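In: okay, here's the prediction I keep looking at, along with the sequence it came from:
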Amino acid sequence: MSNLIYHSEESYNKGESPFDATIRDTADSEEVRIVCPYIGPTYVKSILSDVDEWRIITDVVAWVGTFHGDSRDEIKEFIEEHRDRIHHFRHIHAKVVLSDDSAVLGSANLTEKGVTGRTEMGVRFSEEEKIKELSEWFRRIWSESDPVDLEELDELVRTSPSASSTYSQPTASLTSDAPRVRASFVDDVDSPTQRLNQVEEDDDRRMTADRFFGGVDNRIENLRSMLDYINGTSPSEPALWSWLRDNTGAEKESTMETYVRFVRRIGLIRKDEEKYSITDSGDYYRKSGDSDFLFRHLSENVKGFETILSILSEGPQTEEQVQSGLQKAFPNYSLSKGVIVRHLEWLQSIGYIEKSGKEYRLA
C-alpha cells in the first residue's frame, strides 16, 4: 500500500502538516533509518526521542554549512554525542525515513521549514518487497560511508562561513571514502552539466593541507617508509601509532591522527574495519617516489598548489607575496599564514620549489 504526501489547502491555514504526521508515524518504531542532507537538529531529536535504534546518513558538510549560530553548534554537539550512529556521505541528496514496515520518500528535508513551510511532494509505502529493497540500499550506502573525524568536524565548523558570508566557503572539509555517483545519460546529450563537471570536482577540494613527519627535508622519506610498513603489515591504528613513534619521532596522538588522515585524503592509504591498507596509488608511490605523481594527488585534493607554482613562475616571491597572490586567486577564503606555509612545505619536499633567504623560487 502506498499514498502520496502533499499539502492541502488546510496547510495554508496552519493546519497539521501531512509530512510531519507521516514522518512521525513512520518513526514510531523500534528501529529507524534516515537519509537526508539537511536536518533540523531540534526537529530530528523530537522524531527520534522514543526510538531505541536509529542511524542517519547525511552530507555533514552541507548540513553544517546550511545552518548558522546556535543551530550549527547544536548540530555539532548532536554529531559528537552520536558519532557512531551518523555517517557522512558526500553529495547524498535523497530524503528517506525508513522503519521495519514502512518508509517515506520525497523532496522535503527534515527541517521545520521543509515539513511545514514549503510546497513538497512525497510518498509513503509499506509493501514488504519495497521495504526490503530500500533496507538493502541503506545497508549498502551505510557500509560505503563512515562517521566523521571529530577534529575535522571542529575545523569545518570553525571555518564555515557565517550567515552574513553568503558567498564564502569553509577552508576545511571532511574525509569521506564514500563513492561518488558518475552516471551518464541514456542517450548522448550535450549538457551544460557535463561542461561544468571539472568545476564541480574542484569545489570538493579542501583549501588546507596538513604536514607529515620529518619537516621539509625528511618528510618524503618518512612517508614512503610508512607506506612500506602499511603495505607489509596492514596495521591496526594502535600499531601504526606505535610505529610512527618509533620511526618518525611522533609524540602526540592527535598529530598522528591529523597527518595520517591527510595521507588517506590524498588517496595513498585507506582504513577498513580498524585496519590500514595501501591503495594502488600508494603502492605505486612507495615503489617509485615519483614526485609528479605525488603532486597530482596533492593538487587533486587540495586547492592552491598549481596557483602557487603560477605565482612563482613570475619570479622569486616572499611568503607574504605568495599569500597575497593566493588570496586574490581564492577571494572566498580567509587564508592564514599557516595555510600558505603548509602548501610551500609540501612543494619544497617534493622538489618543486626551493627557499633562499626569505624568498621562494621554482626549482
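Out: Looks like it came in fine. Worth saying up front: this structure is predicted, and the values here are computed from it rather than measured.
In: distance from the longest helix along the chain to the middle of the chain?
Out: Criterion DSSP state H: the longest helix present in the chain is helix 215-233. Offset of helix 215-233 from its chain centre (C-alpha atoms, centre = their mean, to the nearest Å): 25 Å.
In: what's the average pLDDT for that helix?
Out: For helix 215-233, mean pLDDT rounds to 97.
In: what residues sit buried inside that helix?
Out: By neighbour count on 16 or more other C-beta atoms under 10 Å, the buried set for helix 215-233 is 219-220, 222-227, 229-231. The way it works is simple: take the backbone N, C-alpha and C, and place the C-beta from them, glycine included.
In: what is whichever helix or strand comes after it packed up against?
Out: Counting by DSSP states H and E, the next helix or strand C-terminal to helix 215-233 is helix 237-248. Packing contacts for helix 237-248, counted by 3 or more C-beta pairs under 8 Å, 6 or more residues apart in numbering; DSSP states H and E, involve helix 215-233, helix 253-265.
In: with just CA atoms, put the first one into PDB.
Out: Provided in PDB are the C-alpha atoms of helix 215-233 (Å, rounded to 0.1, in the frame of the first residue of the first chain):
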ATOM      1  CA  GLY A 215      59.900  18.500   8.300                       C
ATOM      2  CA  VAL A 216      60.800  19.600   4.700                       C
ATOM      3  CA  ASP A 217      64.000  17.500   4.400                       C
ATOM      4  CA  ASN A 218      62.800  14.100   5.700                       C
ATOM      5  CA  ARG A 219      59.000  14.200   5.000                       C
ATOM      6  CA  ILE A 220      59.100  12.100   1.800                       C
ATOM      7  CA  GLU A 221      61.400   9.500   3.300                       C
ATOM      8  CA  ASN A 222      59.200   9.100   6.300                       C
ATOM      9  CA  LEU A 223      56.000   9.000   4.200                       C
ATOM     10  CA  ARG A 224      57.400   6.300   1.900                       C
ATOM     11  CA  SER A 225      58.600   4.300   4.900                       C
ATOM     12  CA  MET A 226      55.200   4.400   6.400                       C
ATOM     13  CA  LEU A 227      53.700   3.200   3.100                       C
ATOM     14  CA  ASP A 228      56.100   0.300   3.200                       C
ATOM     15  CA  TYR A 229      55.100  -0.600   6.700                       C
ATOM     16  CA  ILE A 230      51.400  -0.400   6.000                       C
ATOM     17  CA  ASN A 231      51.900  -2.500   2.800                       C
ATOM     18  CA  GLY A 232      53.700  -5.200   4.700                       C
ATOM     19  CA  THR A 233      51.500  -5.400   7.900                       C
END
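In: now for that helix, which elements pack on it?
Out: In terms of contacts (3+ C-beta pairs under 8 Å, 6+ apart), helix 215-233 is packed against helix 237-248, strand 275-278, helix 280-288, helix 337-349.
In: Serialize these to a markdown table and add fields for mean neighbour count and distance to Ile79.
Out: A markdown table is the format used below for the helices and strands packed on helix 215-233 (neighbours: other C-beta atoms under 10 Å; distance: least, C-beta to C-beta, whole Å):
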| stretch | mean neighbour count | distance to Ile79 |
| --- | --- | --- |
| helix 237-248 | 16 | 21 |
| strand 275-278 | 18 | 24 |
| helix 280-288 | 16 | 29 |
| helix 337-349 | 19 | 25 |
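In: let me know which of those is the nearest to Thr66.
Out: Proximity to Thr66, assessed across these by C-beta to C-beta, is greatest for helix 337-349 (24.4 Å).
In: before we move on, the earlier item: report the angle between the longest helix of the chain and helix 253-265.
Out: Orientation of helix 215-233 against helix 253-265 (axes from the mean of the first three to the mean of the last three C-alpha atoms, to 10 degrees) gives an angle of 70 degrees.
In: which element is Val322 on?
Out: Assessed by DSSP H and E, Val322 sits inside helix 319-329.
In: model confidence over that helix, on average?
Out: 94.
In: could you export that helix as PDB, CA atoms only?
Out: Provided in PDB are the C-alpha atoms of helix 319-329 (Å, rounded to 0.1, in the frame of the first residue of the first chain):
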ATOM      1  CA  GLU A 319      55.900  34.200   1.800                       C
ATOM      2  CA  GLU A 320      53.800  37.400   2.100                       C
ATOM      3  CA  GLN A 321      53.700  37.800  -1.600                       C
ATOM      4  CA  VAL A 322      52.600  34.200  -2.200                       C
ATOM      5  CA  GLN A 323      49.900  34.700   0.500                       C
ATOM      6  CA  SER A 324      48.700  37.800  -1.300                       C
ATOM      7  CA  GLY A 325      48.600  36.200  -4.700                       C
ATOM      8  CA  LEU A 326      46.800  33.100  -3.400                       C
ATOM      9  CA  GLN A 327      44.300  35.200  -1.600                       C
ATOM     10  CA  LYS A 328      43.500  37.100  -4.800                       C
ATOM     11  CA  ALA A 329      43.000  33.800  -6.600                       C
END
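In: give the buried residues for that helix.
Out: Neighbour counts over helix 319-329 (16+ other C-beta under 10 Å) mark 321-323, 325-326, 329 as buried.
In: same question for stretch 132-146.
Out: Neighbour-count burial for stretch 132-146 [16+ other C-beta under 10 Å]: 134-135, 138, 141-142, 145-146.
In: could you export the residues you listed as CSV, including secondary structure?
Out: Output for the buried residues of stretch 132-146, formatted as CSV (DSSP: H, G, I helix; E, B strand; the rest coil):
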residue, secondary structure
Leu134, helix
Ser135, helix
Phe138, helix
Ile141, helix
Trp142, helix
Ser145, coil
Asp146, strand
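In: would you mind giving these as JSON lines with distance to Arg264 and pLDDT added?
Out: Shown next, in JSON lines, are these (distance: C-beta to C-beta, whole Å; pLDDT from 0 to 100):
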{"residue": "Leu134", "distance to Arg264": "30", "pLDDT": "97"}
{"residue": "Ser135", "distance to Arg264": "29", "pLDDT": "96"}
{"residue": "Phe138", "distance to Arg264": "25", "pLDDT": "96"}
{"residue": "Ile141", "distance to Arg264": "20", "pLDDT": "92"}
{"residue": "Trp142", "distance to Arg264": "19", "pLDDT": "91"}
{"residue": "Ser145", "distance to Arg264": "14", "pLDDT": "86"}
{"residue": "Asp146", "distance to Arg264": "10", "pLDDT": "86"}
